[in-house]
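Colleague: Here you go, sequence then predicted model.
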Amino acid sequence: MYMPWLVMIIEVLLLTPFHFMIGEFPNDALIVLINVFAVEVFILKQDKKIMLPMLAAFSLRLMAMVYDLSTLSLSHMNGDTIGYYNTAVQWMNGQAPSNVYGLYSQLIGYIFRITGDSRLLVEYLNVLMGISIVWILYKCMCMCAVRKSISGVAVWILSVFPYSIYSSCVTYRETIIAMFVALSVYFALNWYLYQKWSNMFLCFASLAFASAFHAGVVVMSLGYALLFTMYSYRTDRFALNKKSIISLGLFISAFVLIVMVFPEIFFTKLNGISEESIITQVNWNYGGSAYLSWLNPNSLAQVIIASPLKLFYFLFSPLPDNWRGIVDIGTFLIDSMAYIVCVIYLCRNFKTSKYEHFIVSVFLGWLANAFVFGLGTWTAGTAIRHRNKIFMVLLLITAMSTVKKDKESVKE
C-alpha cells in the first residue's frame, strides 16, 4: 500500500508550487483525482479475494467524503471535526488557536502551509488511511496463513464497518490513530514470526506516534512488552526466568519513566492526574446515550471495583438497558455484536491456536487499552468512537485464533 502514498508525496511536491504561483490553481483537486486513480490501479492489481472488499472500502469512503464536502452533514455530527479543521486553519496562519485540539490540528495546519487550506485534501488523507488499515489487516492474515474464507469475512467487516467509514471521511484524528496502532501490531507480528529485532523498534515507534494523538493507546505497549520479553522463539513458549523478568521490568520502568518525564509530548492528558480527577472523570454521565448513571464511586477503591462493569459497557454498549429506539438497536446489532462475537470466539479458541502466545500478549494489551478508555467513557457514542481505534487488532487476533496447532503440538 506504499505506492499510493508515494504517489501522494510526489504529487504534493510537484503540484503545490503551482498553487502559490497561480492563486486559483486547483492543486488539491488534482492531487486527489490523480491519487484516486493510483489507488484504483493498485487495488485492481490485487487478488480477487482482497480486490472486491478493498474496492468497496475505498468507494464507500469516497462517497461519504464527497457527501460531507457537499453538505458538511457528517462533520456536524461531531463538533470536534469542525474544531479540528478550524484550529488547523489557525495553525496555518500562525495564530494562537482559541481552542486547543492537539497534535492532529497542528499536523493538518503544517500540511495546509505546504498545500494551502483544503478540506478536500485532509478528508481524502483520512480515506487513504482508512483503506490502509484494511490492507494491513489483510497482509497480517496472509502472514499467518489464515483461511481465505475467514480472512475474507474479516476484511469485509472492516471495509463496511459503519464507524470506520465515518471516521475515515471527515476531519477527525481517529483514523490516523487506528492506522498507527494497526502498524504497531503488524511490526509486532513480524517480530513474532521472523525474529527481526528492528521490528520491535518499529512496533514501539508506531505506537508512540499513535499515542502522540491520544494518550490512551499507549497502554497497548504493556502487551507488546510481555511478548518481546517473555516469548521464546526457540521453544515457542513464554519463558519465565531471570532474564525475561529483568527484561520485562526494564520495559515497564522505561514506560513509567517516559510518562513521568515527557507528559507534555505524548501524554498530555496524564499531566496533573490525581485521585480526585480520576473519580470526577468516572462519574461524568451527561449525554443522551449515557450509561451507568447510577454508578457513583467516591473513592479510588470504588473506582477499581466498578471498573469491570465500566469495561463491559465500554466494549458492548449500547446494551438493551440503554436502548432509546431503533437507532440504538441497530447500532447494537451492527457494532456491538461484532465485539461480542469476536471476544467470545477468541476466549473459547485461543488455546488451540498456533499463535496462542501472540494472541494472549496482544489481547492483554488490547484489554488494558479498553480498560483505560472505559474508565473515562460514559456514553455509548464515545465508547463506539474510542473502541474503533483498536477494532482492527481485535479482528486480527480473532482471525488468527482460527489457525489451529498441528496434532503433535496439541498432544504435547
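Modeller: Nice, thanks for sending it over. Numbering: from 1, shown residues only.

Colleague: Taking the centroid of this structure, which residue is nearest it?
Modeller: residue 178 (2.0 Å; Cα atoms, centre = their mean).

Colleague: and the closest residue to it other than its chain neighbours, what is it in contact with?
Modeller: Spatial nearest neighbour of residue 178, chain neighbours left out: residue 389 (4.8 Å); criterion: Cβ to Cβ, 6 or more residues apart in numbering. Heads up, the C-betas are built off the backbone N, CA and C, glycines and all. By Cβ atoms under 8 Å, 6 or more residues apart in numbering, the contact set of residue 389 is 174, 177, 178, 181, 214, 217.

Colleague: Please enumerate the strands of the protein.
Modeller: Assigned by DSSP state E, the strands in the chain fall at 231-232, 237-238.

Colleague: now those strands in a markdown table, with distance to residue 8 and mean pLDDT?
Modeller: A markdown table is the format used below for the strands of the chain (distance: least, Cβ to Cβ, whole Å; pLDDT from 0 to 100):
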| stretch | distance to residue 8 | mean pLDDT |
| --- | --- | --- |
| strand 231-232 | 37 | 84 |
| strand 237-238 | 42 | 84 |
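
Colleague: Those: which one's closest to residue 308?
Modeller: Among the strands of the chain, strand 237-238 comes nearest to residue 308, with 24.8 Å by Cβ to Cβ.

Colleague: related to what we said a few turns ago, please look at the residue nearest to the centre of the chain and residue 133 and confirm they touch.
Modeller: Yes: contact criterion Cβ atoms under 8 Å: residue 178 and residue 133 qualify, at 5.7 Å.

Colleague: Residue 30: neighbouring residues, count only.
Modeller: As a burial measure, residue 30 scores 15 neighbours (other Cβ atoms under 10 Å).

Colleague: whoops, residue 6 was the one
Modeller: Neighbour count of residue 6, defined by other Cβ under 10 Å: 10.

Colleague: Report pLDDT for it.
Modeller: According to the prediction, residue 6 has pLDDT 94.

Colleague: Spatially nearest residue to residue 115, not counting backbone neighbours?
Modeller: residue 16 (5.3 Å).

Colleague: I misspoke; the intended subject was residue 319.
Modeller: Nearest one to residue 319, counting by Cβ to Cβ, 6+ apart, is residue 313 at 6.6 Å.

Colleague: follow-up on the earlier one: is it correct that the residue nearest to residue 115 is in contact with residue 113?
Modeller: No: at 10.2 Å, residue 16 does not count as touching residue 113 under the criterion of Cβ under 8 Å.

Colleague: Between those two, which is the more surrounded one?
Modeller: Using other Cβ under 10 Å as the criterion, residue 16 and residue 113 rank with residue 16 on top: 17 against 14.

Colleague: and that one, what does it touch?
Modeller: Counting by Cβ under 8 Å, 6+ apart, residue 16 touches 27, 114, 115, 116.

Colleague: you'd agree the third one is up against residue 27?
Modeller: Yes: applying Cβ under 8 Å, one finds residue 115 in contact with residue 27, separated by 6.6 Å.

Colleague: tell me, what's touching these two both at once?
Modeller: Common contact partners of residue 115 and residue 27 (Cβ under 8 Å, 6+ apart): 16, 19.
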